[in-house]
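Colleague: model this:
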Amino acid sequence: MKRFNYFWLKFVKVKVENPVALRFILEDELYLLGTDKALYEKRAISQPIIEETSLEIKTQAAAPIIEEPKPEMETQPVNFNYLGQNLKSFLILVHYPELEFIADAHLTALQNILKRKEFDINDVAILNMATYNAIKLEELTNFFKPTRLLVLGQPALPQEIAPLVLNIPKSLNGYTALYSFGFNEMMDSTDNKKAFWEQMKSL
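Modeller: Take a look at the predicted model:
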């Protein structure tokens, strides 16, 4: 019976993954030839156990992004175009949308008023706010450094100026400001002229 089993294995193709399993298929003992024994012993050798080793993955932290400081935009000072030389730091604001400075008739009237105060055109700076309607008061005072400020007409008021009462002088940061009528409002009104002159005398 043992010989039968051997020859049965020799000529019948049986695919067995593990030779140890043969004893469960065949109940009798098996005897192998020398040449076959070596073959089965090689198959019976257990596969080498590959130990898994943890791979240490080093992650390099991304370098922090350093934003270069943006250059500050420097505000260019406004180059004002004005009439006069501002020799006595007397700033006069007017509003004439269609003219460079002031209407000729109004300039003559203004010069006569200034003469009564012993000023001439070179002592003051006459600035047409129609050209500089977006200009703030601080920009004006930084440039002209006035000791007196005369605003002729509501349209000539600069941005961010403190509230002024018509024909009532007010001290503002080291200078005196007077808000009065524009010449268009005074030329045909004696009352407006008188109200303006009464305050102008003390300015």
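
Colleague: so for the longest helix anywhere in the chain, what gets flagged as buried?
Modeller: Longest helix in the chain, counting residues (DSSP state H): helix 104-116. Neighbour counts over helix 104-116 (16 or more other CB atoms under 10 Å) mark H106, L107, A109, L110, L114 as buried. Yep, even glycine has a C-beta here, placed from its N, CA and C like the rest.

Colleague: I'd like to know which of those residues is nearest to K88.
Modeller: L114 (10.2 Å; CB to CB).

Colleague: distance of that closest one relative to V94?
Modeller: 13 Å (CB to CB, to the nearest Å).

Colleague: cool, and H106?
Modeller: 8 Å.

Colleague: so what sits against both of those two?
Modeller: F183 (CB atoms under 8 Å, 6 or more residues apart in numbering).

Colleague: which elements pack onto the helix or strand hosting K193?
Modeller: Remark: K193 resides in helix 190-200, with elements defined by DSSP states H and E. Here helix 190-200 touches strand 175-180, helix 183-186, going by 3 or more CB pairs under 8 Å, 6 or more residues apart in numbering; DSSP states H and E.

Colleague: between that helix and strand 175-180, how many degrees?
Modeller: Relative orientation of helix 190-200 and strand 175-180, computed by axes from the mean of the first three to the mean of the last three CA atoms, to 10 degrees: 180 degrees.

Colleague: pLDDT below threshold where in the protein?
Modeller: 1-64, 66-77 (pLDDT under 70).

Colleague: change it to 90
Modeller: For the chain, the stretches with pLDDT under 90 are 1-79, 133, 173-174, 187-188, 201-203.
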